[in-house]
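Engineer: predicted coordinates and the sequence they were generated for:
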Amino acid sequence: MVSDRIEREIVIDAPPEIVWDVLTRPDHIKAWFADAVEIEVVPGGRGRFTWVQDAGPASTVVLRVERADPPRYLSYRWNFPEGEEPREGNAPLVEFSLSAEASGTRLRLVESGIGSLERSEDDKSRYHDDHTHGWDALLAKLVDYASRQRRERVQP
Amino acid sequence: MKTALLDEDELLAAAVDPIRRALIDELLERGEATASALASTVPVSRQAVSKHLAVLDRIGFVEPRRTGREVRYVLRVERVDEAAAALARVASAWDRRLRRIKHIAESLHHASLSQEDVHHLRERRPR
């Protein structure tokens, strides 16, 4: 069973205009997301995020901006095979909604469409793991391993 | 002697790397293995694997044990235990990204506020 949605919310002590800049300007995106960033923040605009690994080749994710209403709403589809057009079924949708609050901005993130990807269940789980809790799967194994070792130790 | 508490940042740095995650995963399956045996399970060179094992050794995750000419890497259970606890505290990838977004936006905002203070003071300064 693969969960289809990741939802998060955070309150930021800065006005929506500043949060919008952080979400959309490549120099800022580089500080919170990827090592190299290209993005054209208009509907249909293309983007490319690249991560450099200290071992192995760099990984790249392509995206297409779906909607951009500064400083209220931004959405893009990403992680589709290069050369293909993104759509439901091959590209999860990432949505940022910003609302002004007395103390600043409430930022809401939703990533959806993960479960409907046309990939194997295994791939989907892996994708979800990587994007929600990168090492939750590993964590479960670690906990299991540690408790198994403890049990073995107390046995004669 | 290494400190009892595993530094969360060190652990993050160690675990966030996909190759090291794969090596830990492999050691969880095998209990112990040589660097060469581990190198055959990941798409990087034997030399790169040695570097990753050195990182894992530094944070106390693995212990090299020499038997004759062979060095076998063994997972250290206490560390695995601590790591599991530390990892449980570590939030998801998006949580981390959102925390960084918050930090950057607030720094920018506060910087622009203090700029305004400077202008304000300048305007009020008597000639």
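Structural biologist: Alright, I've got the coordinates.
Engineer: touching chain B at all, stretch A:22-32?
Structural biologist: Yes - Stretch A:22-32 reaches chain B (Cβ under 8 Å from any Cβ of the partner chain) through A:22, A:23, A:28, A:31, A:32. All C-beta atoms are positioned from the backbone trio N, CA, C, and that covers glycine.
Engineer: out of those residues, who's nearest residue B:22?
Structural biologist: Proximity of the residues of stretch A:22-32 next to chain B to residue B:22 was ranked by Cβ to Cβ; the top entry is residue A:32 with 25.6 Å.
Engineer: show me the strands in chain B, by range?
Structural biologist: B:32-34, B:62-67, B:70-75 (DSSP state E).
Engineer: please enumerate the helices of chain B.
Structural biologist: Assigned by DSSP state H, chain B shows helices spanning B:8-16, B:18-30, B:35-39, B:46-58, B:77-89, B:93-124.
Engineer: minimum distance to residue A:9: which of the ones you listed has it?
Structural biologist: helix B:93-124 (8.5 Å).
Engineer: so what does that closest one touch, helix or strand wise?
Structural biologist: Applying 3 or more Cβ pairs under 8 Å, 6 or more residues apart in numbering or on different chains; DSSP states H and E, we find helix B:93-124 packed against strand A:5-12, helix A:16-24, helix A:26-32, strand A:104-112, helix A:121-133.
Engineer: which of these has the lowest mean pLDDT?
Structural biologist: Ranked by mean pLDDT, the helices and strands packed on helix B:93-124 bottom out at helix A:121-133, with a mean of 50.
Engineer: just name the shakiest helix or strand of the chain by mean pLDDT.
Structural biologist: I'll assume chain A. Lowest mean confidence among the helices and strands of chain A (mean pLDDT, DSSP states H and E): helix A:121-133, at a mean of 50.
Engineer: where in chain B is pLDDT low?
Structural biologist: B:1-16, B:83-92, B:118-127 (pLDDT under 70).
Engineer: same thing but 80
Structural biologist: Low-confidence segments of chain B (pLDDT under 80): B:1-18, B:21, B:77-93, B:115-127.
Engineer: still on that earlier bit, save the strands of chain B as JSON lines, and put in distance to chain A too.
Structural biologist: What follows is these, written out as JSON lines (distance: least, Cβ to the nearest Cβ, whole Å):
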{"stretch": "strand B:32-34", "distance to chain A": "12"}
{"stretch": "strand B:62-67", "distance to chain A": "13"}
{"stretch": "strand B:70-75", "distance to chain A": "7"}
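Engineer: kindly reformat those strands as TSV containing mean neighbour count and distance to residue B:49.
Structural biologist: Shown next, in TSV, are these (neighbours: other Cβ atoms under 10 Å in any protein chain shown; distance: least, Cβ to Cβ, whole Å):
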stretch	mean neighbour count	distance to residue B:49
strand B:32-34	17	10
strand B:62-67	14	12
strand B:70-75	17	10
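Engineer: closest to residue A:51 out of those?
Structural biologist: Closest of these to residue A:51 is strand B:62-67, at 25.3 Å (criterion: Cβ to Cβ).
Engineer: wait, residue B:35 sits on residue B:70?
Structural biologist: No - contact criterion Cβ atoms under 8 Å: residue B:35 and residue B:70 do not qualify, at 9.8 Å.
Engineer: now do whichever strand in chain A runs longest against helix B:18-30, angle only.
Structural biologist: Counting residues, the longest strand found in chain A (DSSP E) is strand A:59-69. Taking axes from the mean of the first three to the mean of the last three Cα atoms, to 10 degrees, one finds strand A:59-69 and helix B:18-30 inclined to each other by 120 degrees.
Engineer: about what we covered before: could you dump the strands of chain B to CSV with distance to residue A:9?
Structural biologist: Converted to CSV, these look like this (distance: least, Cβ to Cβ, whole Å):
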stretch, distance to residue A:9
strand B:32-34, 43
strand B:62-67, 38
strand B:70-75, 37
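Engineer: of these, which is nearest residue A:41?
Structural biologist: strand B:62-67 (44.6 Å).
Engineer: now residue A:95: how far from chain B?
Structural biologist: Per Cβ to the nearest Cβ, to the nearest Å, residue A:95 is found 12 Å from chain B.
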